[in-house]
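**Q** structure of the sequence below:
(2 chains)
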Protein chains: 2
Amino acid sequence: MKFNALNEKHIRTLQHMVAPDRFSTGDSVLDLHAKDQSQHGPSRPEAVIWPLDRNEVANLLRYANDHRIPITGWGSGSSLEGNPIPIHQGLVLDFSRMNRILDIRVEDFQADVEPGVIYQHLNEKLRHTGLFFPPDPGAQATVGGMIANNASGTRTVYYGSTKDYVLRLEVVLASGEIIELGTRAAKTSSGYDLVHLMVGSEGTLGVVTAATLRLVGFPVEYSAAIGTFPSVKAAGNAVFEIIRSGLNPAALELLGPECIELMNREERLGLNVSPTLFVEFHSSSASHLAEVLEMGREICNQQGCTEFRSGLGKAERDHIFKARHALGEMIIRTHPDCGTLVVDVAVPNTAYPEIIAAIGDEMKTTGIMGYTFGHAGDGNVHFNIPGKKGDQKQWAQIDKLVQRLVSKALDLGGTATGEHGVGLGKKKYMAAEHGKSLDWMKQIKTLFDPNGILNPGKIFP
Amino acid sequence: MKFNALNEKHIRTLQHMVAPDRFSTGDSVLDLHAKDQSQHGPSRPEAVIWPLDRNEVANLLRYANDHRIPITGWGSGSSLEGNPIPIHQGLVLDFSRMNRILDIRVEDFQADVEPGVIYQHLNEKLRHTGLFFPPDPGAQATVGGMIANNASGTRTVYYGSTKDYVLRLEVVLASGEIIELGTRAAKTSSGYDLVHLMVGSEGTLGVVTAATLRLVGFPVEYSAAIGTFPSVKAAGNAVFEIIRSGLNPAALELLGPECIELMNREERLGLNVSPTLFVEFHSSSASHLAEVLEMGREICNQQGCTEFRSGLGKAERDHIFKARHALGEMIIRTHPDCGTLVVDVAVPNTAYPEIIAAIGDEMKTTGIMGYTFGHAGDGNVHFNIPGKKGDQKQWAQIDKLVQRLVSKALDLGGTATGEHGVGLGKKKYMAAEHGKSLDWMKQIKTLFDPNGILNPGKIFP
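**A** Numbers count the residues shown, from 1 in each chain, chains lettered A, B, ... in the order given. Have a look, this model is predicted:
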């Protein structure tokens, strides 16, 4: 694809399309939209625009398409694979001002939102209704970014990913055409599922300007427990057994001792510095919860658990979740002279002990150290590896290690990315994961975006 | 699209591609593959082939594509909108001999199956594992047909539709190319979701030759109850309140008095001949179940429920489900000189009382009588209207009535088909439901099947 650089005429026209205070070419603004939270190098856009409604977005896309100017959507910049970095420059559309909650339909368990809504804000707004939007990637993510990425988080093992909560989408296509997808009905068999084609497409097929989200009722009762294990491998085995038993946890997080140490230091959690499982159960019955927790304890003990502490109060549980969600940033802060490469593979349940063992073996063999954690309940493991900035030799070693782990995950029937998306970092694994179907993804891309202006350089190798 | 009729040369070549006993142009065979369980008129294919593996399917499709011969997949012929009727003739691929359960991975909660597996057979096979495949359309449906149609049923309100249980697909495209989609991991953010593009596409984008299905654990405890109401409207209001309250039923079925009468007659159920809700709850805790049932009783009583009978034993509950599943066929048997037009709209929860009222109003105004029932818990209502075969005036009236009801459902934010698919009967509503996005569905169809050989004449008006 060949793109045009923004010239003076483009800039005048684009400025005219939105209010002057919603178009910027200022250095600090461009810097702020040059990188996400990954280790991928920055690339500044040529201008940033803050659209206010779908018609502005449609006009901007039409113009950009006619003039071959790249368009990259921007939520809060919290993604972890370079997904919104405008590597071909052009325009970034920052959706932070399209952040209205349009409608909350309590009795339909639905909310209509603009893409710039931060999901925690939506959940605060929903609190008095007894409903919530379950996916929780942790960072201050926008709903638009979560849809683009099919984001998930600690609750996904029980509640599912973002894709399970999107009923309708309003999407602006590259041509500027606005289409509406989906239905408010709880189920449908009407035509092709274009909603789920858009979810997870990382802004490469269209730009979401509104969404109807499905909500669910707050759990009446919940209970959390912490299990301490002699090895990461033993904890991985317990994960497998808990899922296998059908106990249906609402969260099942694995944390290596190096993660616990960090969380203790930064958040004064006072946990045993050992491989740890953090598990939570939801139910509408307290007695049921007690039964389930007891079964969880037995399973953990069978895997050599040295301490199983249940009955965590709300304050402690919230504190641990907060620390868990901040873990990625803690790792970055702890290694100020390093970039952090984040592995995000997911494997089927039976393969979880094996992928955990593979990470341990890699550390032993290569001497490269990292942080092992993840949403273990859905087979998702993260391995965050700090590497010295500029140390090309070290980065080459890290890159090879990651390649081996991703290949291992794919061999085990898993995926190269459980939740962070393909972005820039996982492009090279797409052919191995998808084989010939990658070519069909490309053809769909070309169909929807023939000039390739939408988030160019992402997903496809 | 212009297709070629099968000539002698085609037939000889096709016969050569499979064993002689798996190719037929016999009258009775063609008749058996000329219609489904809907009122849509029959259309015989020119030949029926029973493929045994994906390579045969690939060879057949490649040949059919080169020679512009229509290909329609066939499961068990149990669909309700003419979905597999070969209206452009050509070849029917009957998957009844590709019915192997390839692998059951208990500890991954997964089963790999061929498309011809009947879902009840899979569930029988799974019984000793404690796992099951929840979607239950009722008829002896094949997994392939269920995937093509995104089938759902009585348990969908709790467990979701077929689309929620498909992890991987092996698909043969029109060109004969075989692609594999999806992953065994519980979640992924890797590229475009082509699995869900295929699910519900009614065999118009490709032919599924294998699937990996997600399984779930059997509920430890369940309890069923029957509520009797003074009017269908009151029952509809109770549905709304039960869903609104977040009680999370595992089945919530509405049955008009005419349906109860029929079920009593054919299955000796001995139920009160009144508008009825059949509700079931699943839990892993008996005390929790008791609480939930009590809340259900209160809600029903507030809506004027005249009798709420809980604590149904397994035998009675299974009997009612069996009768409910057979209801469509009972209606057909009861009106031997009639075709039955089946309305299958779904609306958001708040609109359920309104769509139920609209059906009542239509019956009063037009004098056209029908059977009102449905998977009320997910906003799905069926209205089956027997119309005298050949009575064109009556059919024109019925058709107008249905058009008004579907328009009403769409106005209420719903869908023209909750679970039966578009097939032949719902094509005319696609533009109203999908607007401009229908054109994008068409373009995707053209991309995957440029010669239009796959199940031609379906979905698109």
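**Q** the nearest residue to A:R404 once chain neighbours are set aside: how many residues sit nearby?
**A** Among residues not flanking A:R404 along the chain, A:E362 sits closest, at 6.8 Å (CB to CB, 6 or more residues apart in numbering or on different chains). Heads up, the C-betas are built off the backbone N, CA and C, glycines and all. With neighbours defined by other CB atoms under 10 Å in any protein chain shown, the count for A:E362 comes to 20.
**Q** so A:E362, which of the three states?
**A** Three-state call for A:E362 (DSSP: H, G, I helix; E, B strand; the rest coil): helix.
**Q** alongside chain B, which residues does the stretch 51-200 of chain A contribute?
**A** A:105-110, A:130, A:149-152, A:156-157, A:160-161, A:163-164, A:177-181, A:183-194, A:196-197, A:199-200 (CB under 8 Å from any CB of the partner chain).
**Q** do that again at 7 Å, thanks
**A** A:107-108, A:149-150, A:152, A:156, A:161, A:177, A:179-181, A:183-194, A:196-197, A:199-200 (CB under 7 Å from any CB of the partner chain).
**Q** quick one, which of the residues you listed are buried?
**A** Buried by 16 or more other CB atoms under 10 Å in any protein chain shown: A:108, A:149-150, A:152, A:156, A:161, A:177, A:179-181, A:183-194, A:196-197, A:199-200, out of these.
**Q** show me what contacts the most centrally placed residue in chain A?
**A** The centroid of chain A falls nearest to A:A151 when counting by CA atoms, centre = their mean (3.7 Å). By CB atoms under 7 Å, 6 or more residues apart in numbering or on different chains, the contact set of A:A151 is A:P135, A:P137, A:A141, A:T162, A:E419.
**Q** host element of it?
**A** Per DSSP states H and E, A:A151 falls between elements, in no helix or strand.
**Q** measure it to A:T417 for me?
**A** 11 Å (CB to CB, to the nearest Å).
**Q** closest one of the contacts of A:A151 to A:L412?
**A** Distance to A:L412 across the contacts of A:A151 (CB to CB) is lowest for A:E419, with 17.3 Å.
**Q** my guess is that closest one contacts A:V381. True?
**A** No. Using CB atoms under 7 Å, A:E419 is not in contact with A:V381; the gap is 11.0 Å.
**Q** pull the number of nearby residues for A:I69.
**A** A:I69, neighbours per other CB under 10 Å, totals 24.
**Q** pretty sure it contacts A:L91?
**A** Yes. Counting by CB under 7 Å, A:L91 is a contact partner of A:I69 at 6.0 Å.
**Q** please state the offset of stretch A:107-118 from the chain centre?
**A** Taking CA atoms, centre = their mean, to the nearest Å, one finds stretch A:107-118 lying 18 Å from the centre of the chain it belongs to.
**Q** what's the straight distance from one end of that stretch to the other?
**A** Using CA to CA, to the nearest Å, the end-to-end distance of stretch A:107-118 comes out at 22 Å.
**Q** per-residue pLDDT, A:G328?
**A** We note a pLDDT of 92 for A:G328 in this prediction.
**Q** in which helix or strand would I find it?
**A** According to DSSP H and E, A:G328 maps onto helix A:314-334.
**Q** and A:P386, by the same measure?
**A** In the assignment (DSSP H and E), A:P386 maps to strand A:380-388.
**Q** did I read that right, A:G116 in a helix?
**A** No. Going by three-state DSSP, the assignment for A:G116 is coil, not a helix.
**Q** what sits up against stretch A:262-274?
**A** With CB under 7 Å, 6+ apart as the criterion, stretch A:262-274 contacts A:226, A:228-229, A:257, A:260-261, A:306-307, A:319-320, A:323, A:327, A:330-331, A:334.
**Q** and which of the residues you listed is nearest to A:A396?
**A** When those are compared against A:A396 (criterion: CB to CB), the nearest one is A:I331, at 20.9 Å.
**Q** could you measure from that closest one over to B:D164?
**A** Counting by CB to CB, the gap from A:I331 to B:D164 is 34 Å.
**Q** the two: which is more packed in?
**A** The neighbour comparison of A:I331 against B:D164 (other CB under 10 Å) goes to A:I331, with 22 against 19.
**Q** and that one, what does it touch?
**A** Listed by CB under 7 Å, 6+ apart, the contact set of A:I331 reads A:L262, A:T340, A:Y371, A:N384, A:P386.
**Q** neighbours of the third one, just the number please.
**A** As a burial measure, A:Y371 scores 24 neighbours (other CB under 10 Å).
**Q** how about the contacts of A:I331 in a markdown table, adding pLDDT?
**A** Below are the contacts of A:I331 laid out as a markdown table (pLDDT from 0 to 100):
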| residue | pLDDT |
| --- | --- |
| A:L262 | 96 |
| A:T340 | 92 |
| A:Y371 | 97 |
| A:N384 | 96 |
| A:P386 | 96 |
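**Q** which one of those residues sits closest to A:A409?
**A** With CB to CB as the yardstick, the closest approach to A:A409 among those comes from A:N384, at 15.7 Å.
**Q** what about that closest one, how many residues nearby?
**A** Close neighbours of A:N384, defined as other CB under 10 Å, add up to 25.
**Q** pLDDT on the host helix or strand of A:A210, on average?
**A** In this assignment (DSSP H and E), A:A210 forms part of strand A:207-214. For strand A:207-214, the mean pLDDT works out to 98.
**Q** list the contacts of stretch A:97-115.
**A** Counting by CB under 7 Å, 6+ apart, A:50-52, A:75, A:95, A:116-117, A:122, A:125-126, A:129, A:131, A:133, A:142-144, A:167, A:184, A:208-216, B:244, B:348-350 sit against stretch A:97-115.
**Q** swap the cut-off to 6 Å and go again
**A** Stretch A:97-115 has contacts (CB atoms under 6 Å, 6 or more residues apart in numbering or on different chains) with A:50, A:52, A:95, A:116-117, A:125, A:129, A:143-144, A:208, A:210-213, A:215, B:244, B:348-350.
**Q** mind listing the helices for the stretch 201-350 of chain A?
**A** A:232-244, A:257-267, A:286-302, A:314-334 (DSSP state H, counting those that start in this stretch).
**Q** so which of those helices is the most surrounded?
**A** helix A:232-244 (a mean of 24; mean count of other CB atoms under 10 Å in any protein chain shown).
**Q** and that one, how far from the chain's centre?
**A** The answer for helix A:232-244 is 23 Å, by CA atoms, centre = their mean.
**Q** do the same with stretch A:286-303
**A** On CA atoms, centre = their mean, the centre of stretch A:286-303 falls 30 Å from the chain's centre.
**Q** relative to B:P219, how far out is A:R324?
**A** For A:R324, the distance to B:P219 equals 31 Å [CB to CB].
**Q** go on, A:T129?
**A** Remark: distance between A:T129 and B:P219 (CB to CB) = 28 Å.
**Q** hmm, A:K426 is touching A:T415, no?
**A** No. A:K426 lies out of contact with A:T415 (CB atoms under 6 Å); the separation is 9.4 Å.
**Q** more neighbours, the two?
**A** A:T415 (30 against 27).
**Q** hang on, that one packs against B:G182?
**A** No. Taking CB under 6 Å as the definition, A:T415 is not a contact partner of B:G182, at 9.0 Å.
**Q** just give the number of residues close to the nearest residue to A:N380 once chain neighbours are set aside.
**A** Nearest residue to A:N380 in three dimensions, chain neighbours excluded: A:G418, at 3.7 Å (CB to CB, 6+ apart). Burial of A:G418 is recorded as 31 neighbouring residues (other CB under 10 Å).
**Q** in contact with A:G418, which residues?
**A** With CB under 6 Å, 6+ apart, A:G418 has these contacts: A:D344, A:A346, A:N380, B:K187.
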